[in-house]
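Chemist: using only what follows, build the 3D model:
(chains A, B and C)
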Amino acid sequence: MAAPVPQMLTANRLIDGEVLYWRDGNWVSDFARGDVYDDPKAADAALEAAKAFMRDNIVVAAYLFDVRRAAGGIEPVKEREIIRAAGPSNRTDTGKQAGMGPQEPRDVPPIQL
Amino acid sequence: MPLIKDGKFVQDRFLFIPDGQAFPDDGGVMVTFDRFQSECATLLAHHRPVAVRLASSQNPEVLKDELANIDAIALEFPIFRDGRAFSWARMLRERYAYKGEIRAVGHFLYDQLAFMMRVGFDAFDVRQDFRIEEFDRAMREMTYVYQPSTDGRKTVMQIRREE
Amino acid sequence: MYRYDEFDAKMVRERAEQFRYQVERRIKGELTEDEFKPLRLKNGLYLQLHSYMLRIAVPYGTLAARQMRQLAFIARKYDRGYGHFTTRTNMQFHWPRLKDVPDILHHLADVEMHCIQTSGNCVRNVTADHFAGAAADELEDPRPISEIFRQWSSFHPEFNYLPRKFKIAVSATKEDRAAVKWHDIGIEIIKNDAGETGYRVFVGGGMGRTPYVALEIGHFVSKTDILAYIEAILRVYNEYGRRDNIHKARVKILVHQLGADEFRRQVEVEFAEIKKKGTLQLPPEELKRIEAYFAPPAFEDLPDTSPEFDAAVKADKDFANWAKTNLTPHRARGYAIATISLKNIGMTTGDISADQMDGVAQIMDDFGFAEVRVSHEQNLVFPHVRRRDLPAVFARLKALDLGTANAGLITDIICCPGLDYCDLANARSIPISMAIQKRFADLERQHDLGEIKIKMSGCINACGHHHAGHIGILGVDKKGVEFYQIQLGGSGAEDASVGEIMGPGFGKDEIVDAIERVVETYVKLREPGERLLDTYRRVGMTPFKNMVYREQMHAAY
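Modeler: Just a heads-up that it's a prediction; the model follows:
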C-alpha cells in the first residue's frame, strides 16, 4: 500500500484575505513554517480544529492540500498551491515572494476633486 | 417564527398544517398548494382564513381562479439565492391584482427585505432573534429608486422630470 | 459623458454604507460566509488565490481624467500600485483588504464611480462599442441607452437574485466591436424600413462550458418599448432559468433549450403586459436628456491631412509604425481615434501602473480630452484626437511605455489573470501570453501576419473570451499539470462564431511552438487578402491540425 501523501492546511484571513498556513493550533503567513501531516488522521484533526476559526469568523475557506518532500524542502504538489504560497509568477515584486502581506493603507495625498 | 407586517411584529393568523394532518376546529390555516387543490371545497366551506404556501418553482398562476378566496399566499425561499419569488410576488400584485397578504417564508436575508417590499411582499417570516429595528433600517438604506415596481414609488426619472 | 446628479450621487454613497454594514455583520458572524459571498460579489469583491480582488465598474468603458487619477490614487493607497482592465471594460485591483473596501467605495463615489453589480447573479456592467461617438460608421452613440440600462438595472428589486450572471452589450454599427452576440442580451441599434431608429435584440449568447452565439429574439424594438422588452426577457429568465445546476443556469441554456420562437413567445406575453401598464415606457424626452450628456466635443473644422502628422511619419519610424496599426478613421475630418495598447511585449496584458494611469490623465488634460475609453480587448482609446496632435500624443504615450504599435496584431492578445491570481483558474495564462508575444515580437513579421486575435483563458469560465478568438487558448489542469488546448475560428465580431477545438492539448513548454505552427500553416495556405480567420474558414481544421501535430507524431517515435 502506498504511503499517504503528506498534507498541509491553508485558509484566508477574513479581514484582509491574507493566505495563511496552519501551525500548531494557529496560523502563520509563511508556507515554510506550516505543519506537515503525514498521517491523514492528524490532517483531518487539524482541519477540524481549524474550523473553529471559521466559526469564529477569523478565517474562511480552510482546506487541506497535498505537498511533497523535495531536495529543497517541502513543496506543494499542485501549481495552484505553489503560486498561492509564493505570489503571482508574473509579478515577483509582489506577494509573499517579495515579503508582502496585506498592509495598512499607505499615506497617499488625495487628488484634487 | 416571528412575523413582521406593516413594520411591526404581529400575530400569525395562520397555522401551517402539513399535508395529511387534520385541520383544527377553527382558526386560519396555511396549506401547501397540493392540499389546497385537493381540499379546496372543504377549506372554503369552513369560512376560515386560508393561506396557501407555494414552492419557489410554482408559478402563482395556478391559484389565479381562486385568489378571491385566499387571504394570504406564502412564497418560499428554499435558499436566499433562489430569487424566483421576486417575480412571483410581482405577478400576483400586477397581473392578478392580488390584494391579500404575500408572505416571505424560508431562508432570506435582511439585505433582501427592501427589494421584497418593492415587489409586493408585505409580510415576513423572520429569524427568532430578528430585531424590529433591523426592518426599519433595511427600509431606509436606499433613499431613491431607479426603476418602477409594484410599490408605485416615484422613480428618480419621475422626480427629475418634475423638477 | 454622464454626470451624476444628486440622486445618482446619493445612491453610490448609500451603497457604500450598505456594504460597510454588511462587512460589520460578517465580521461579527451575523452573516455566514455563504450568505455574505453573494452580497460582497454584488459589490465586485471576490476572494482570490492570494487575497481579495475588487472589480470596479467602468460603465460602457468611459472614464474621465479625474476618474483615472482616482484609480491611480486607490492603486497606490490601498493596493500594489497597479490595476487590470478586463474583457468587460472594468478595472480590477488584486490586493485590497476587506476592511478597507467600504472606504474605497467612498473614494470611488467621490468621482462618480462604483462597484455595483460588477459580479453576482444580477445584471452586470453594460458595455458598448469603445469607438462610440467617434466612429465613422456609427448610426448613433450607443452609450445613452447603455446609461439608461445601467440605471434601470441598478438595485433592480426583481432581478437581483437571478439564476446566474447577466451581461448586456450595445453596438450601433454593422461591424460589431462590442461582441454583442456573445452576450446574454446583445443590442444592435438599427434603422427599420420606415427609417425609424430602434433596436435589434439578441438573447442567449455566452462563453464558458457551453458557448453559444445569441439568437435574434426582437427583430425591431422601438426606443419607447426597449425597457419593457428587456424587463420581459429578464422576467422569463428569472422565472424559468435553471437553478439546479450552476453550469446550466445562464439564459443561453434556456433560449437554446426552448428555441428562439418559444422563448420569444414567452417574452412577448410579459412584454405585452408590461407595456400595457405603461410605467416602463421610455419617454423620448428622457432619452434626449441622457443623450445631451454624450454630445461629442465641438469638432474644429480641420483639413483632412496634417503636415505635422506627415512629417512625423517620415521622420519617426516608431510613430509611423504606431500610426499604421493604432489609428482608426474618425467621423470628423482631421481627427483620428487612437488606440493605446496595454499589450507591451512581455508585459501582463491589460495591466496598467498607477504612474501610467496618471500619465494618461495628464495627456487628457494637456490635450483637452474629456474621455478615455476602455475596450473589451483590454486596450485604452482616445476617441477624438486631432491628427496634428498625434505625434505629440504618441511621444507622451511612448514615454509612459504605452506606445506599443500592435493594435489588432498577433501580440495584441486578450488574456485573463489566470492561475497567477484567480481562485477559479486551472492554469496560468499570463506567462503563456507573454511568451507568445516574445516569439512574435518582430514587428515586420507581425505586419505580414496581419489581424490575428489570440484570446486566452486560464479556465473554462472563459473570462479571456477564448471561444471568440481567431486562435483561442484554454488552460486546463491535466493531473495537476498546466496544459493548453487550442481552438481555431472563433470570432467576436458581427460574424460571431465559436472556435473549434483542435485536438489534444500542449504542455507549457510546447504551446508556443504549437501556436507558431498554426501561424505557419496560415502563411503557407493563405490567399491574397485573407486573414488567418478567413483562411481557416476556407480550408477548415484539417490542414492546421496536421501541421501542428506532425511534430508531435515525430517526437513520439
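Chemist: contact partners for residue B:153?
Modeler: Counting by C-beta atoms under 8 Å, 6 or more residues apart in numbering or on different chains, residue B:153 touches B:118, B:145. In short, each C-beta sits where N, CA and C put it, glycine included.
Chemist: what helix or strand is it located in?
Modeler: Using DSSP states H and E, residue B:153 is not contained in any helix or strand.
Chemist: next up, phi/psi of it, please.
Modeler: phi -60, psi 140 (degrees, to the nearest 10).
Chemist: next: residue C:190.
Modeler: Main-chain dihedrals, residue C:190, degrees, to the nearest 10: phi -140, psi 170.
Chemist: distance of the nearest residue to residue C:105 once chain neighbours are set aside from chain B?
Modeler: Nearest residue to residue C:105 in three dimensions, chain neighbours excluded: residue C:16, at 3.7 Å (C-beta to C-beta, 6 or more residues apart in numbering or on different chains). The gap separating residue C:16 from chain B is 11 Å, by C-beta to the nearest C-beta, to the nearest Å.
Chemist: over to residue A:21?
Modeler: 31 Å.
Chemist: residue C:99 now?
Modeler: Going from residue C:99 to chain B by C-beta to the nearest C-beta gives 19 Å.
Chemist: next, count neighbours for that residue.
Modeler: Neighbourhood size, residue C:99 [other C-beta atoms under 10 Å in any protein chain shown]: 18.
Chemist: let me see the contact set for the nearest residue in space to it that is not next to it in sequence.
Modeler: Residue nearest to residue C:99 in three dimensions, not counting chain neighbours: residue A:15, with 5.2 Å by C-beta to C-beta, 6+ apart. Going by C-beta under 8 Å, 6+ apart, residue A:15 touches C:27, C:97, C:98, C:99.
Chemist: same question for residue C:508.
Modeler: Residue C:508 touches C:427, C:428, C:431, C:432, C:482, C:483, C:484, counting by C-beta under 8 Å, 6+ apart.
Chemist: in these, find the pair that's most separated.
Modeler: C:431 and C:483 (13.9 Å; C-beta to C-beta).
Chemist: tell me which parts of the stretch 251-400 of chain C are close to chain A?
Modeler: residue C:348 (C-beta under 8 Å from any C-beta of the partner chain).
Chemist: pick out the residue in the stretch 251-400 of chain C sitting closest to chain A.
Modeler: The stretch 251-400 of chain C approaches chain A most closely through residue C:348 (5.2 Å), counting by C-beta to the nearest C-beta.
Chemist: right, and that residue touches residue A:94 too?
Modeler: No: judged on C-beta atoms under 8 Å, residue C:348 makes no contact with residue A:94 at a distance of 11.5 Å.
Chemist: between these two, who's got more neighbours?
Modeler: residue C:348 (23 against 19).
Chemist: please, where are all the helices along the stretch 51-200 of chain C?
Modeler: C:65-78, C:101-110, C:143-153 (DSSP state H, counting those that start in this stretch).
Chemist: now render those helices as CSV, adding mean pLDDT and mean neighbour count.
Modeler: Formatted as CSV, those follow (pLDDT from 0 to 100; neighbours: other C-beta atoms under 10 Å in any protein chain shown):
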stretch, mean pLDDT, mean neighbour count
helix C:65-78, 98, 23
helix C:101-110, 98, 21
helix C:143-153, 98, 24
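Chemist: hang on, residue C:202 is in a helix, isn't it?
Modeler: No: according to DSSP: H, G, I helix; E, B strand; the rest coil, the state of residue C:202 is strand, so it is not within a helix.
Chemist: got a pLDDT number for it?
Modeler: Here, the pLDDT recorded for residue C:202 equals 98.
Chemist: name the residues of chain B found near chain C, please.
Modeler: So chain B meets chain C at B:59, B:80-84, B:86-88, B:90, B:94-95, B:109, B:111-112, B:114-116, B:118-119, B:141-149, B:156-157, B:159-161 (C-beta under 8 Å from any C-beta).
Chemist: repeat that for 6 Å
Modeler: B:81-84, B:86-87, B:90, B:109, B:111, B:115, B:118-119, B:141-144, B:146-149, B:156-157 (C-beta under 6 Å from any C-beta of the partner chain).
Chemist: any of those residues buried? List them.
Modeler: B:81-84, B:86-87, B:90, B:109, B:111, B:115, B:118-119, B:141-142, B:144, B:146-149, B:156-157 (16 or more other C-beta atoms under 10 Å in any protein chain shown).
Chemist: where in chain A is pLDDT low?
Modeler: Applying pLDDT under 70 to chain A picks out residues A:1.
Chemist: helix or strand next in line after the longest strand belonging to it, which one?
Modeler: Longest strand of chain A, by residue count under DSSP state E: strand A:59-70. Remark: after strand A:59-70, the chain's next helix or strand is strand A:73-76, criterion DSSP H and E.
Chemist: sorry, back to before: and for the residue nearest to residue C:105, the neighbour number?
Modeler: 22.
Chemist: surely it meets residue C:108?
Modeler: No: contact criterion C-beta atoms under 6 Å: residue C:16 and residue C:108 do not qualify, at 8.0 Å.
Chemist: in the chain, which spans are helices?
Modeler: You didn't say which chain, so I picked chain A. A:40-55, A:79-86 (DSSP state H).
Chemist: switch to chain B, please.
Modeler: Using DSSP H, the helices of chain B run over B:33-38, B:40-45, B:84-90, B:113-119, B:132-140, B:156-162.
Chemist: and the fourth one, what other elements does it pack with?
Modeler: Secondary-structure packing of helix B:113-119 (3 or more C-beta pairs under 6 Å, 6 or more residues apart in numbering or on different chains; DSSP states H and E): helix B:84-90.
Chemist: swap in 8 Å and give it another go.
Modeler: helix B:84-90, helix B:132-140 (3 or more C-beta pairs under 8 Å, 6 or more residues apart in numbering or on different chains; DSSP states H and E).
Chemist: which residues does the residue of the stretch 1-150 of chain C found nearest chain B contact?
Modeler: Closest contact between the stretch 1-150 of chain C and chain B, by C-beta to the nearest C-beta, is at residue C:7 (4.4 Å). By C-beta under 8 Å, 6+ apart, the contact set of residue C:7 is B:144, B:156, B:159, B:160.
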